[in-house]
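> Here you go, sequence then predicted model.
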Amino acid sequence: MPPDGWHAGPPHLVTHLTFLDVPNIALQGNLPPEPLACGRFTLTFERPLVMGILNATADSFSDGGRYLAFGDALRRAEQMMLDGVDIIDIGGESTRPGAPPVPLDEELERVIPLVEKLKGANLPLSVDTYKPEVMRAALAAGADMINDIWGFRMPGAIDAVRGGDCGLCVMHMLGEPQTMQAGEPDYVDVVREVREFLTQRCAELEAAGVAKARISVDPGFGFGKSVVEHNYALLAHLPETAPEVARGVAPYPILAGMSRKSMLGALVNRPAPERVAASVAAAVCAAERGAAIIRVHDVAPTVDALKVWAAMRDAMAGGAQAARG
């Protein structure tokens with residue numbers, strides 16, 4: 001039997017497992033991440049939520065072209081739901097290193113019909129975009145979250161999401177997709193610099209009237225980072241990448257997206273489609289370090305692995321409570 005509270009349907013207001021009293025290096029002040037206001041849903045993080053990637057693109061690094069056709073994308077979404085996904089992240093433009101931009105009209109044609117069709121599935125829908133026009137159209141079509149690799153830095157992006165109650169994911173990226181990995185990315189202290197960037201972006205959003213409860217953060221694995229040194233420093237120190245909060249205040253939820261990326265390929269020497277095991281291992285590492293949302297291509301094996309991790313965590317918590325008597 002899976003751990004109590006694990007489910008295959010939408011998280012809604014999830015109140016299953018507890019992080020409290022569980023040895024976990026990632027929790028600031030022993031508090032779980034703050035619940036995330038996410039459109040029609042409120043997400044809580046007593047366990048990590050699995051975000052499934054739905055690439056309606058022709059050139060994504062791992063599965064480009066497989067789900068470009070509308071029917072193929074819908075079948076992919078259906079399979080992810082059967083596999084236990086918690087959130088679906090829909091993207092219409094590849095952001096792999098060196099990827100060219102997609103024209104606005106083309107991105108809208110790829111993304112909006114999927115949002116309109118899937119919004120009845122009673123599952124949080126995220127849209128992966130940096131274009132304010134796509135943000136507005138996606139939210140009008142029923143999206144619950146905007147996942148922005150540019151961290152809402154594009155002109156008009158903050159205005160596009162300021163109103164309403166959609167969730168936001170603010171990501172760190174050094175440079176831009178076309179050039180971010182062209183040379184060796186340069187940092188003095190990658191963890192500190194990512195945290196400072198995310199702190200500044202969250203402060204700007206909150207100053208514009210966006211509630212903290214709507215914001216999650218992403219250190220941006222593979223987005224302007226050296227393949228091994230920077231990416232694994234961020235993973236090892238994942239909780240330190242989030243903006244610091246006052247004592248007693250719940251931390252920002254952290255989204256970790258490492259699935260099939262070159263940081264894994266560099267170690268296992270396999271092409272992207274064959275990095276499933278490495279991706280699952282990375283997901284478990286992220287969970288252990290307090291990731292609230294884990295963004296993946298391979299939903300079923302990730303869900304299975306996190307069930308095992310959660311059972312181990314609960315056994316540790318039970319042992320600690322028994323020892324205290």
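Perfect, I can see it now.

> going forward, measure contacts between C-alpha atoms and count neighbours the same way
Noted.

> what's the longest strand along the chain packed up against?
Selection of the longest strand in the chain by residue count, based on DSSP state E, yields strand 49-55. Applying 3 or more C-alpha pairs under 8 Å, 6 or more residues apart in numbering; DSSP states H and E, one finds that strand 49-55 contacts helix 70-82, strand 87-91, strand 293-296, helix 299-324.

> Look up how far A157 lies from L234.
26 Å (C-alpha to C-alpha, to the nearest Å).

> Residue nearest the middle of the protein, spatially speaking?
Centroid-nearest residue in the chain: L255, 3.6 Å away (criterion: C-alpha atoms, centre = their mean).

> For that one, list each beta-bridge partner.
Legend: beta-bridge partners of L255 under DSSP bridges are I293.

> can you pull the contacts of it?
C169, S216, V217, D218, P219, A291, A292, I293, I294, R295 (C-alpha atoms under 8 Å, 6 or more residues apart in numbering).

> repeat that for 10 Å
48-51, 147, 169-171, 216-220, 238, 242, 286, 290-295 (C-alpha atoms under 10 Å, 6 or more residues apart in numbering).

> and the helices and strands packed on strand 49-55, which one's lowest on average pLDDT?
In terms of mean pLDDT, the lowest-scoring of the helices and strands packed on strand 49-55 is helix 299-324 (a mean of 87).

> helices or strands up against that one?
The contact analysis (3 or more C-alpha pairs under 10 Å, 6 or more residues apart in numbering; DSSP states H and E) places helix 299-324 against strand 49-55, helix 70-82, helix 276-288, strand 293-296.

> so of those, which one's packed in deepest?
strand 49-55 (a mean of 26; mean count of other C-alpha atoms under 10 Å).

> List the pairing partners of that strand within its sheet, with orientation.
Its sheet considered, strand 49-55 pairs with strand 87-91 (parallel), strand 293-296 (parallel) by DSSP bridges.

> what's the burial count for P132?
The local packing of P132 (other C-alpha atoms under 10 Å) involves 19 other residues.

> How about K117?
Number of residues near K117 (other C-alpha under 10 Å) recorded here: 12.

> can you pull the buried residues of the helix or strand bottoming out on mean pLDDT in the chain?
None of the helices or strands of the chain scores lower by mean pLDDT, DSSP states H and E than helix 299-324, at a mean of 87. Within helix 299-324, the residues that count as buried by 16 or more other C-alpha atoms under 10 Å are V299, A300, P301, T302, V303, L306, K307, W309, A310, R313, D314, A317.

> hang on, G265 packs against V227?
Yes - with contacts counted by C-alpha atoms under 10 Å, G265 reaches V227, the gap being 9.2 Å.

> of these two, who's got more company?
Taking other C-alpha under 10 Å, G265 and V227 do not tie; V227 has more neighbours (21 against 18).

> what's the pLDDT at the closest residue in space to T44 that isn't next to it in sequence?
Counting by C-alpha to C-alpha, 6 or more residues apart in numbering, T44 lies nearest to P35, which is 4.5 Å off, once chain neighbours are set aside. On pLDDT, P35 comes in at 95.

> Quick check: phi and psi at P35.
phi -50, psi 150 (degrees, to the nearest 10).
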